[in-house]
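Novice: My questions concern the predicted model and sequence given below.
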Amino acid sequence: MIVRVFDDRLSLLHIPAGIVSYFFPAFFVVFVFYELIEFTFKAEKREEKAENFVGDLFEFFAGVSLAHFVFMAV
C-alpha cells in the first residue's frame, strides 16, 4: 500500500489539528471519529481509499510529533 500524504488542500489542516491536540487532548478523539466517519461515507461512494485515510492520520500525528518536539524542548 502506498500511503497518500497531502492528497488534497484540506490535508494541510491536519498538521495544525495535530498541534492543537497537543494542548487539548480531547481534540484527538474528535479528529479520529471525524476521519472514521468521513472515510466510511466517502469509501461507499469510492471517493476515498484506505491509503488516503492512513495518510490523513499520518499528517495528524506529524503535527502532534512536531508540537511535542517544539514544546517539550522548551
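Specialist: Received the coordinates, thanks. Predicted model only: the values in this text are computed from it and were never measured.
Novice: check contacts around the nearest residue to L12 once chain neighbours are set aside.
Specialist: Leaving aside its sequence neighbours, L12 sits nearest to F6 (Cβ to Cβ, 6 or more residues apart in numbering; 6.8 Å). Every C-beta, even on glycine, is put in place using the N, C-alpha and C of the backbone. Shown in contact with F6 (Cβ atoms under 8 Å, 6 or more residues apart in numbering): L12, G55, E59.
Novice: Quick one: buried ones out of those?
Specialist: G55, E59 (16 or more other Cβ atoms under 10 Å).
Novice: for the contacts of F6, which one is nearest K49?
Specialist: G55 (9.6 Å; Cβ to Cβ).
Novice: Now the closest one: which helix or strand?
Specialist: In this assignment (DSSP states H and E), G55 forms part of helix 50-72.
Novice: Can you work out which other helices and strands pack against that helix?
Specialist: Helices and strands touching helix 50-72, by 3 or more Cβ pairs under 8 Å, 6 or more residues apart in numbering; DSSP states H and E, are helix 14-23, helix 26-44.
Novice: looking at it, S11 is touching L57, isn't it?
Specialist: No: with contact defined as Cβ atoms under 8 Å, S11 does not count as touching L57 (11.1 Å).
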